[in-house]
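Participant: Pasting the sequence and the predicted coordinates here, then a few questions.
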Amino acid sequence: MTTSTHEPAVLAEDPFDPAIIANPYPFLARLRDAGPVSWLEATGSYAVAGYEEVYEVLTDFETYCSSGGLGPRDIRKDAGWRPPSILESDPPIHTVMRRALTGVINPGTVRALRGPFTPPAVELTTELAGRPGFDVIKDLAEKYPLRVFPDAVGIPDEGREHLLPYGNMVFNAFGPENYIFQQAFAHGDEHAAAVMKSCARESLDDAGFGARIWDKVGEGLITEQQATLLVRALLSAGVDTTVFGIGNTLSVLSRNPQAWARLRENPTLAKFAVDEALRLESPFQKFHRTVTVDTTLGGVRIPAGSKVLLFIGAANRDPRKWGDDADTFSFERSSSGHVAFGMGLHQCVGQPIARLEMEIVLQELLPRIATIEPAGEPVPIIHNVLRGFESVPVRITAA
């Protein structure tokens, strides 16, 4: 814990400016250069950009709570647009809900998904390998998770078209109520109603994760409302971030032909490639926590009740942690410890599923595609907190 204190640097730039969202890394570098903790005039919050400081906030849930909401408003005082999810809860409520979820999603149940998750990846990658090029997002990243993950949860086919726009709403709400937020919520009631209907026990099949979560109600571990919220959490967090993770990984690899060649020579490096891509192009870029007591972080005094805005994308490129080449992809770096999936109490429970999907896609592409390279500029998504692309065109040669 830092003992000496100083006034934070003050920055006028708005991290939710569309120009910064489209190309965030120059701003994130300026943010880190200003100090690990600074003050953002535009948002009225403290910016936390250093890896060490972001890690501290993520792992100290008592000082930096989630129950105040991951957005700029304190939802303990100003209720949000929906009942708080597991992401916006703290112990003891969080403990009960997480115990139920980890009883359902664990190494054994995730390993069992490789079988059903592989054939759709084979089908998609085989078809794409027969083309001279394709769009990583529209032709692969958006298609694959929407085929396999809802099946794993056990929701009906009807209504799946609402999953991506609903996730878009959920994550955009972690930012300000700007025009990006307003666009995401344009048909909010329709998307929310459809997803909530899918979370009800009568909508779920008997074999998926959803049914296993509802079993915890019968065991007396959680309430029916908590079961609905946990299934909702899986559906809202389990699609968008995986779409972005697949898209970002292949965007990175298409710009690194030597890395692709090395992966083809040694496909066992796929897990390392996924981790390094997640570090370099983190799908989840930023979100808020609420300070519960007067504290000091990065040498800056922060009063109770303040909002801190954690910049995951900055922490995962902090040269103090990752070296002077932190802005580049490297197999020589150990990416273990990146915070793309969070850390501590709120570390993403579903991350093994997202990793599995990303690795399967990569492992099925490698034997079918000899080379992959950009076929145009990627089109970034303008999103309050997620980093991804609307389009990533690539040229390929079949193996």
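Facilitator: Yes, it's here.
Participant: the strands in the stretch 201-350 of the chain, which residues?
Facilitator: Remark: strands assigned in the stretch 201-350 of the chain by DSSP state E, counting those that start in this stretch are 286-291, 295-297, 300-302, 307-311.
Participant: What are the contacting residues of the last one?
Facilitator: Same thing as strand 307-311. Applying Cβ atoms under 8 Å, 6 or more residues apart in numbering, the external contacts of strand 307-311 come out as 15, 28, 31, 37, 40, 43-49, 54, 57-58, 64, 68, 72, 74, 285-291, 297, 302. C-betas here are computed from N, CA, C, even on glycine.
Participant: so what's the nearest residue to Val293 once chain neighbours are set aside up against?
Facilitator: Closest residue to Val293 apart from its sequence neighbours, by Cβ to Cβ, 6 or more residues apart in numbering: Ala304 at 5.1 Å. Neighbour list for Ala304: Val291, Thr292, Val293, Asp294, Thr295 [criterion: Cβ under 8 Å, 6+ apart].
Participant: CA-only coordinates of stretch 277-297 in PDB, if you can.
Facilitator: Taking C-alpha atoms only, stretch 277-297 is exported to PDB below (Å, rounded to 0.1, in the frame of the first residue of the first chain):
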ATOM      1  CA  ALA A 277      -4.300 -11.600 -27.900                       C
ATOM      2  CA  LEU A 278      -6.600 -11.100 -24.900                       C
ATOM      3  CA  ARG A 279      -3.900  -9.100 -23.200                       C
ATOM      4  CA  LEU A 280      -3.200  -7.000 -26.200                       C
ATOM      5  CA  GLU A 281      -6.800  -6.400 -27.400                       C
ATOM      6  CA  SER A 282      -8.900  -6.900 -24.300                       C
ATOM      7  CA  PRO A 283     -12.600  -7.200 -25.100                       C
ATOM      8  CA  PHE A 284     -13.600  -5.600 -21.800                       C
ATOM      9  CA  GLN A 285     -11.700  -2.300 -21.700                       C
ATOM     10  CA  LYS A 286     -13.100  -0.400 -18.800                       C
ATOM     11  CA  PHE A 287     -15.700  -0.300 -16.000                       C
ATOM     12  CA  HIS A 288     -16.400   1.300 -12.700                       C
ATOM     13  CA  ARG A 289     -16.100   0.400  -9.000                       C
ATOM     14  CA  THR A 290     -17.300   2.400  -6.000                       C
ATOM     15  CA  VAL A 291     -15.000   3.400  -3.100                       C
ATOM     16  CA  THR A 292     -16.500   2.400   0.300                       C
ATOM     17  CA  VAL A 293     -14.000   4.100   2.600                       C
ATOM     18  CA  ASP A 294     -11.400   6.900   2.400                       C
ATOM     19  CA  THR A 295      -8.400   5.300   0.800                       C
ATOM     20  CA  THR A 296      -5.100   5.800  -1.000                       C
ATOM     21  CA  LEU A 297      -4.300   4.300  -4.300                       C
END
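Participant: re earlier: can I have the buried ones of the contacts of Ala304 as a ChimeraX selection?
Facilitator: The ChimeraX selection below is limited to those of the contacts of Ala304 classed as buried (16 or more other Cβ atoms under 10 Å):
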select :291,292,295
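Participant: who's in contact with Lys197?
Facilitator: Residues near Lys197 by Cβ under 8 Å, 6+ apart: Gly159, Ser203.
Participant: for the one 3 residues further on, same thing?
Facilitator: By Cβ under 8 Å, 6+ apart, Ala200 lies in contact with Thr228.
Participant: Next, give phi and psi for it.
Facilitator: Dihedral pair for Ala200: phi -70, psi 150, per degrees, to the nearest 10.
Participant: wouldn't Pro91 be in contact with Phe61 here?
Facilitator: Yes. The criterion here is Cβ atoms under 8 Å, and Pro91 meets it with Phe61 at 7.3 Å.
Participant: Common neighbours of those two, please.
Facilitator: Contacts common to Pro91 and Phe61, judged by Cβ under 8 Å, 6+ apart, are Leu345.
Participant: Between the two, which has more neighbouring residues?
Facilitator: Ranked by neighbour count (other Cβ atoms under 10 Å), Pro91 and Phe61 place Phe61 first, with 18 against 13.
Participant: Shouldn't that one be within a strand?
Facilitator: No. Counting by DSSP: H, G, I helix; E, B strand; the rest coil, Phe61 is located in no strand; its state is coil.
Participant: quick one, what contacts it?
Facilitator: Asp90, Pro91, Gly344, Leu345, His346.
Participant: The second one and Pro8: what is the separation?
Facilitator: Computed with Cβ to Cβ, to the nearest Å, the distance linking Pro91 and Pro8 is 30 Å.
Participant: now swap in the third one and tell me
Facilitator: Gly344 sits 24 Å away from Pro8 when distances are taken as Cβ to Cβ.
Participant: go on, the fourth one?
Facilitator: Distance of Leu345 to Pro8, given as Cβ to Cβ: 26 Å.
Participant: hang on, the earlier thing: pull out the buried residues from the contacts of strand 307-311.
Facilitator: Buried by 16+ other Cβ under 10 Å: 15, 28, 31, 37, 40, 43, 45-49, 54, 57-58, 64, 68, 72, 74, 285-291, 297, 302, out of the contacts of strand 307-311.
Participant: Tell me which of those fall in helices.
Facilitator: Among the buried ones among the contacts of strand 307-311, the members found in helices (DSSP state H) are Leu28, Leu31, Val54, Val57, Leu58.
Participant: which of these lies closest to Ala141?
Facilitator: Distance to Ala141 across these (Cβ to Cβ) is lowest for Leu28, with 23.4 Å.
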